[in-house]
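[1] Quick one, structure for this:
(chains A, B, C and D)
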Protein chains: 2
Amino acid sequence: MSPGNIPQYRQLYETLRRHIVDGLYREGDLLPSENELCKLHGLTRPTVRKSLDLLAHEGFIKRHQGLGSVVHKLPKGIGILSISGTTTAIGKENLETRTIIRPGLSPWPDDFPFSLSDNEREAGCMHFTRLRLVNGKPVIYDISYIPNINLPRFSARNLNNKSLFNILRAAYRIEVKGGEQYIKAINAPDPEICRILDIKHDTPVLHLQRRIDTSRLNFYIYSILYCNTSDHSLYGIF
Amino acid sequence: MSPGNIPQYRQLYETLRRHIVDGLYREGDLLPSENELCKLHGLTRPTVRKSLDLLAHEGFIKRHQGLGSVVHKLPKGIGILSISGTTTAIGKENLETRTIIRPGLSPWPDDFPFSLSDNEREAGCMHFTRLRLVNGKPVIYDISYIPNINLPRFSARNLNNKSLFNILRAAYRIEVKGGEQYIKAINAPDPEICRILDIKHDTPVLHLQRRIDTSRLNFYIYSILYCNTSDHSLYGIF
DNA sequence: TATTTGTACTTGTATTTACAAGTCAGAGTT
DNA sequence: AACTCTGACTTGTAAATACAAGTACAAATA
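    Residues are numbered from 1 along each chain as shown, chains lettered A, B, ... in the order given. Below you'll find the predicted structure:
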C-alpha cells in the first residue's frame, strides 16, 4: 500500500470528492472516464472503479453505462444521514460546533435505546453533548455516549473545531465504518432542550438515535440527536 | 452473463439475503467464508465479494478482517431510508398497502419540491397515493408523482399487492438504482392527511421528499411521504 | 502458569485481462 | 430530410492471481 497506509482507491476518492466539493467539476459535468483516470493517477480500472463506487454511493456522481460518470448536484440539506457528516453539505463557513457538556464519566442512562454488551456496561460511559449551529442559529443538539475503554486524555481534547471522527482516527486509529439509526418526529420533549435549540415547547423536532460502527471490533459510538428542521432539512441518499 | 440477464453477484446477494431474512443465519452467526462461497456457488472471489459488499452496505452483515462476515441483527423499524423498501424490515404479514388515489394524469403541483426538466414538464404527470398500514394502523401516506412517458397500461395496474418497484422492473424493465431525500419534522399539515393517518392536528409527523433514480436515463420517480412515527421509527443504515 | 510466537485461517487491497452492453455521433442510405 | 447503420467510445460484469493485514488458536517458551 501507499503513503500513510491509506489505500489508493481511498486517496483517489478523496481527491475527486474535493474537486467536486470545490466546484472544479460542476453539476452535470462528466468526470474523466475510468480509463483516463487510470492513466492520470497510475492506477488500474478496478481500483479506479472502487473510488467511483464510493462517490456514487455517497451521491456525488451518478454513473451511466455508455456515457460516463455525471457529477450530481451537491446536497442542499444537512447530510447527517450519510457517513460524511455535517461539514460537507452545508459548507464549513456556516457551521459551528459548541461543546455544551464537556466529556466526563457518567453511568449509562437507564432508558438507553440500544442494548449494551457486558463489556460496555463494565467499562462505563464517557458522556458529552455538543450543539451544531448553522449561520449562528442552533440546529442540532448531539448527545454522545462512548464506552470508556482505553482512550487516554480523551476528555482533555477540544471537540469544537475538529470533528469527533477525526480525533478518533488521528489519536486512536479508530476508523468510523458506518452505523444505524432510528428516526422519529416528536414534539420537543424537554425544557432544557428547548432552551438549547431556542425553540418553543411544542415545536416538532427530529429525534435520531444512532449507533456508529468503528474499525475496532465491538466498539460503538452512541449518539442521540435532536434536530430543529424548520429551516434545514436533513438530507440523505440511498 | 447468466439466466434472465441477472448478474451472478446479484443472484448470490439475493440468495444470501433471503437466507438471512428467513432466519437460516441468525444474528451473530458467521457467513461461510468468501472462499467457501466461491466453491459453493462456482464463482470467483471478486464476484462473491461484490455480493457481500451489497449485503454489508444494506446492513445485513458486518465484515471483519481476519474473522469473517457476521450476520447483523435485522432492523426493527421501517427501513424506508434504504432502497430495500418497507417490506423487509417489518415482515410481510403485518404490512398492508391501500391505494387511496388511483393512478391518473394530473398537472405537476405548483409547489413541487424538486426542479423538473423540460422533458418532465412536457410529458405531464402521473399521480397516485397509497397508504401503508402496519398491523392495521395507518403509518405512512405516500404521494407519488411519475413523469408520464411511455408506460402503457400503467394506470390499470394494481398497486396494492405488488410493489411499485416490482411492477416497474417486471413490466417496463426499469430498475430502481437509488435516490435522495429530504427529511423534516412537521406538525400534521392538512386535515385530509390527519384523517388518512388517523392522527390529531398537532401530532408531529415525519415529512420526506424523495427523488428516486432509475436505470432509465433522466427518469425519476418522485414521492412525498407523511409518516406517523409514534409507534414505529424509521430505520436507516449508513 | 503466563506470555510469546507461529500458523492457518479470514477479509482487504491491487493488478491484469476479457468480453458484454449502453450511448453517441457521424457516415451512409433511403 | 429522415432514417439506419457502424464504429468508437463509455461503464458493467467476470475471471484468475497475488500479496497485505487482522484474528484466533495452538504450540513453544519464559
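[2] remind me which residues of chain A are low pLDDT?
    Counting by pLDDT under 70, the low-confidence segments of chain A come to A:1-5, A:75-93, A:150, A:152, A:156, A:160-162, A:170, A:173.
[3] Now do the same for A:Leu37: helix, strand or coil?
    Assigned by DSSP: H, G, I helix; E, B strand; the rest coil, the conformation of A:Leu37 is helix.
[4] Run a quick check on it versus A:Leu12, I expect a contact.
    Yes - assessed by Cβ atoms under 8 Å, A:Leu37 is found in contact with A:Leu12 at 7.2 Å. Just so you know, the C-beta spots here come from the backbone N, C-alpha and C atoms, and that holds for glycine as well.
[5] Quick check: buried residues in stretch A:61-72?
    Under the neighbour-count criterion of 16 or more other Cβ atoms under 10 Å in any protein chain shown, stretch A:61-72 has A:61-63, A:69-72 buried.
[6] before we move on, what SS does A:Pro32 have?
    Using three-state DSSP, the structure places A:Pro32 in coil.
[7] And for A:Ser144?
    At A:Ser144 the chain is in strand, as set by three-state DSSP.
[8] And for it, the neighbour number?
    When neighbours are defined as other Cβ atoms under 10 Å in any protein chain shown, A:Ser144 has 20 of them.
[9] So what sits opposite the closest residue to it other than its chain neighbours in the bridge?
    The shortest distance from A:Ser144 to any non-neighbouring residue, by Cβ to Cβ, 6 or more residues apart in numbering or on different chains, is to A:Ser223 (4.5 Å). Beta bridges link A:Ser223 to A:Ser144, A:Arg210, judged by DSSP bridges.
[10] tell me which element the residue of chain A positioned farthest from its centre falls in.
    No residue in chain A sits farther from the centre than A:Gly66, which is 32.9 Å out by Cα atoms, centre = their mean. According to DSSP states H and E, A:Gly66 maps onto no helix or strand at all.
[11] quick one: the helices in chain A?
    Under the criterion DSSP state H, chain A contains helices at A:8-21, A:34-41, A:45-57, A:87-90, A:118-123, A:164-172, A:191-197.
[12] A:Pro32 is in contact with A:Cys38, isn't it?
    No - counting by Cβ under 8 Å, A:Pro32 does not reach A:Cys38; the two are 9.4 Å apart.
[13] how far away is the closest residue in space to A:Leu52 that isn't next to it in sequence from A:Pro32?
    Leaving out its chain neighbours, the residue that sits closest to A:Leu52 by Cβ to Cβ, 6+ apart is A:Ser69, at 5.9 Å. Between A:Ser69 and A:Pro32 the distance is 8 Å, computed by Cβ to Cβ, to the nearest Å.
[14] Identify the residues contacting the nearest residue to A:Thr203 once chain neighbours are set aside.
    Once flanking residues are discounted, A:Thr203 sits nearest to A:Ala188: 5.1 Å by Cβ to Cβ, 6+ apart. Contact analysis of A:Ala188 by Cβ atoms under 8 Å, 6 or more residues apart in numbering or on different chains lists A:194, A:197, A:199-205, A:226.
[15] Report the contact partners of A:Val70.
    Residues near A:Val70 by Cβ under 8 Å, 6+ apart: A:28-31, A:61-64.
[16] what do you get if the cut-off is 10 Å, keeping everything else the same?
    For A:Val70, the contact set (Cβ atoms under 10 Å, 6 or more residues apart in numbering or on different chains) comprises A:25, A:27-31, A:61-64, B:217.
[17] partner residues bridging it?
    With DSSP bridges as the rule, A:Val70 is bridged to A:Leu30, A:Lys62.
[18] do the same with A:Leu206
    Bridge pairing for A:Leu206 (DSSP bridges) gives the partners A:Ala185, A:Cys227.
[19] tell me, how many neighbours does it end up with?
    Neighbour count for A:Leu206, taken as other Cβ under 10 Å: 24.
[20] Kindly report the same for A:Ile212.
    22.
[21] Quick check: the gap between the residue of chain A found nearest DNA strand C and chain B.
    Ranked by Cβ to the nearest atom of the strand, the top residue of chain A for proximity to DNA strand C is A:Gly66, at 2.3 Å. Shown here: A:Gly66 relative to chain B, a distance of 9 Å by Cβ to the nearest Cβ, to the nearest Å.
[22] wait, that residue sits on B:Leu217?
    Yes - counting by Cβ atoms under 10 Å, A:Gly66 touches B:Leu217, with 9.4 Å between them.
[23] that older thread, quick check: phi and psi on the residue nearest to A:Thr203?
    Backbone dihedrals for A:Ala188, given as degrees, to the nearest 10, come out at phi -50, psi 120.
[24] ok, now A:Leu24?
    Phi and psi for A:Leu24, reported as degrees, to the nearest 10, are phi -60, psi -40.
[25] For it, grab the count of nearby residues.
    By other Cβ under 10 Å, the residues close to A:Leu24 number 11.
[26] hang on, isn't it packed against A:Arg18?
    Yes - with contacts counted by Cβ under 10 Å, A:Leu24 reaches A:Arg18, the gap being 8.2 Å.
[27] Test my guess that A:Asp213 contacts A:Gln181.
    No - using Cβ under 10 Å, A:Asp213 makes no contact with A:Gln181, being 11.5 Å away.
[28] Common neighbours of these two, please.
    B:237-238.
[29] A:Pro46 contacts A:Tyr9, correct?
    Yes - the pair A:Pro46 and A:Tyr9 passes the contact test of Cβ under 10 Å, sitting 8.6 Å apart.
[30] These two: which has the busier surroundings?
    A:Tyr9 (18 against 11).
[31] My read is that the more buried one contacts A:Lys50, right?
    Yes - the criterion here is Cβ under 10 Å, and A:Tyr9 meets it with A:Lys50 at 4.0 Å.
[32] quick one: common contacting residues for the two?
    Contacts common to A:Tyr9 and A:Lys50, judged by Cβ under 10 Å, 6+ apart, are A:Leu43.
[33] Tell me which of the helices of chain A sits nearest to A:Arg157.
    Closest approach to A:Arg157 among the helices of chain A is made by helix A:164-172 (5.7 Å; Cβ to Cβ).
[34] How far away from the center of its chain is the closest one?
    Relative to its chain's centre, helix A:164-172 lies at 13 Å (Cα atoms, centre = their mean, to the nearest Å).
[35] Could you list which residues are in contact with the residue farthest from the centre of chain A?
    Going by Cβ under 10 Å, 6+ apart, the list of residues near A:Gly66 reads B:Leu217.
[36] now swap in A:Asp142 and tell me
    Residues in contact with A:Asp142 (Cβ under 10 Å, 6+ apart) are A:80, A:86, A:97, A:99-100, A:128-132, A:164, A:208, A:210, A:223-227.
[37] among these, which ones are buried?
    Applying 16+ other Cβ under 10 Å to the contacts of A:Asp142 flags A:80, A:86, A:97, A:128-132, A:164, A:208, A:210, A:223-227 as buried.
[38] Out of these, flag the one nearest to B:Ile237.
    A:Arg210 (10.2 Å).
[39] residues contacting that closest one?
    Shown in contact with A:Arg210 (Cβ under 10 Å, 6+ apart): A:80-81, A:113-114, A:142, A:144, A:179-183, A:220-225, B:236, B:238.
[40] mind listing which of those residues are in strands?
    A:142, A:144, A:179-183, A:220-225, B:236 (DSSP state E).
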